[in-house]
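Enquirer: the amino acid sequence is not available; the structure is as follows:
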C-alpha cells in the first residue's frame, strides 16, 4: 500500500497527464477527469486486484467508469500502472486510435466495458 503522501503525489501526476492529454487533443472534459483523480488513484494503487501484464485475468477486480467522458483519468491510471506506454496518452481522441472519447473495451487494454449513456455502470456491474 502507498502512503497518503505517495497517493497525493500520484494523483497530482495523474492530473498533469490529464491536462496534457486534453490540451493535445483540443477536446475533452477536464472537470470530470480531474475531480476523479484522487478516487481513481486510491482504487488503482491500493484497492483493485489487477495484473497489468494480464489485462483479461479472469479473477481481476473490474473498474466500471459510468461517466465515460471522464476516460482521461482511467487512461492515465492504466498507463501509469503499466497497461500501455505513457506516450500513448498523447493520442487521446485521434481517429482510429485506442484512446477514444469514451472507453472501449475492444481497443484499450485494461478497460472492462465500453461506456454508453451515463449511469449504466451500476446495472452493468450488478450483471457482471
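Expert: On my side now, so go ahead. No experiment lies behind these values; they were computed from the predicted model shown.
Enquirer: any low-confidence regions in the chain?
Expert: Filtered on pLDDT under 70, the chain yields no residues whatsoever.
Enquirer: residue boundaries of the helices in it?
Expert: For the chain, the helices defined by DSSP state H cover 4-25, 30-35, 37-42, 71-81, 120-127.
Enquirer: I'd like those helices as CSV, with distance to residue 89 and mean neighbour count appended.
Expert: C-beta coordinates here come from the backbone N, C-alpha and C atoms, glycine included. As requested, the helices of the chain are exported to CSV (distance: least, Cβ to Cβ, whole Å; neighbours: other Cβ atoms under 10 Å):
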stretch, distance to residue 89, mean neighbour count
helix 4-25, 5, 16
helix 30-35, 12, 17
helix 37-42, 14, 19
helix 71-81, 6, 25
helix 120-127, 23, 12
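Enquirer: wait, residue 108 touches residue 77, no?
Expert: No - counting by Cβ atoms under 8 Å, residue 77 is not a contact partner of residue 108; they are 11.6 Å apart.
Enquirer: now residue 118: how far from residue 69?
Expert: With distances defined as Cβ to Cβ, to the nearest Å, the gap from residue 118 to residue 69 amounts to 8 Å.
Enquirer: so these two - more neighbours on which side?
Expert: For the pair residue 118 and residue 69, the greater number of neighbours falls to residue 69 (16 against 10), based on other Cβ atoms under 10 Å.
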